[in-house]
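Asks: no FASTA, just this:
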Ligand code: HEC
C-alpha cells in the first residue's frame, strides 16, 4: 500500500516536472538556434584573426628595415578602420606589454582589461558574449606574440618580455545574429 502511494506520488511529480519543463524545452530550441549564430560569430573571429595576423607578419617581413619603416601595426589599424566602415566587425590592436608605442592602444573597457589578464595568464584566446540593447555581441581577444625579431626595432621593451608571453592583443566585436 505504501509502495502504491509512493508510486502515485512519483507519478504526480513526474507529471509536474513534465509540465514545468515543456516551456523550457521550447526555450532550449531557440537557444540552439542562437548558438548556431554564436558558432558563426566565432568562425568569423577565427577568419579575421588568421587574415590580420598574416597581414602583419607579411608586411613586417617584406617591408620593415629600420625604425623609419612603415609599421605593420599602423597599417593594420587603418585596415581595421576601413573594414569597420564597410559595415564589418570592429577590431582593435591593444598593448599587453605595459609599454605601448601609442597611448591610444590600451585596454579601454572592462572586457579588454579582463582579456589582458587572461591572455597574460596563458590563454591564447578569451571571449565573452555581451548583451547590448537586447542584441548579443561576441567579444573575443587573441594573443599577439613577438612574431618576428624585427618587432624589437621599434618596441625595445619587447626584449624584456618573458618568452611565450603576448605583447599585444587583437580584440574583436562581432554581432551575433541569425544572418551573420
Ligand atoms: C617600424 C616600427 C615598428 C615595428 C617594426 C613594429 N611595430 Fe608595432 N607599432 C609601431 C607603431 C608606430 C605603433 C603604433 C601604431 C598606431 O597606433 O598608429 C605600433 C603598435 C603596436 C601594437 C599596439 C600597442 C602599441 O604598442 O601601441 C602592438 C601590439 C604592436 N605594435 C606589435 C608589434 C609586433 C608584434 C611587431 C613585430 C611583428 C611590431 N609591432 C613591429 C611600430 C612598429
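Replies: That came in fine, so what should we check first? Since this is a predicted model, take the numbers as computed values, not measurements.
Asks: and the longest strand for the chain?
Replies: Counting residues, the longest strand found in the chain (DSSP state E) is strand 135-144.
Asks: ok, residues contacting it?
Replies: Strand 135-144 is contacted by residues 34, 37-38, 41-42, 45, 49, 53, 93, 96, 111-112, 115-116, 118-119, 123-131, 166-177 when judged by Cβ atoms under 8 Å, 6 or more residues apart in numbering. Where you see a C-beta, it was placed from the backbone N, CA and C, and this is true even at glycine.
Asks: and residue 142, how many residues sit next to it?
Replies: With neighbours defined by other Cβ atoms under 10 Å, the count for residue 142 comes to 24.
Asks: OK, contacts around the closest residue to residue 64 other than its chain neighbours?
Replies: Nearest residue to residue 64 in three dimensions, chain neighbours excluded: residue 150, at 5.0 Å (Cβ to Cβ, 6 or more residues apart in numbering). Counting by Cβ under 8 Å, 6+ apart, residue 150 makes contact with 60, 61, 64.
Asks: Only the buried subset of the contacts of strand 135-144, as a PyMOL command please.
Replies: The PyMOL command for the buried members of the contacts of strand 135-144 (criterion: 16 or more other Cβ atoms under 10 Å) is given here:
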select buried, resi 37+38+41+42+45+49+53+93+96+111+112+115+116+118+119+125+126+127+166+167+168+169+170+171+172+173+174+175+176
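Asks: overlap between the contacts of strand 135-144 and the residues near the ligand?
Replies: Among those, the residues lying close to the ligand (Cβ under 6 Å from any ligand atom) are 93, 167, 168.
Asks: Against residue 111, how distant is the residue nearest to residue 64?
Replies: Computed as Cβ to Cβ, to the nearest Å, the residue 150 to residue 111 distance reads 30 Å.
Asks: show me where the chain has strands.
Replies: Counting by DSSP E, the chain has strands at residues 90-95, 125-132, 135-144, 168-175.
Asks: now the angle between strand 90-95 and the longest one, please.
Replies: Following axes from the mean of the first three to the mean of the last three Cα atoms, to 10 degrees, one obtains 40 degrees for the angle between strand 135-144 and strand 90-95.
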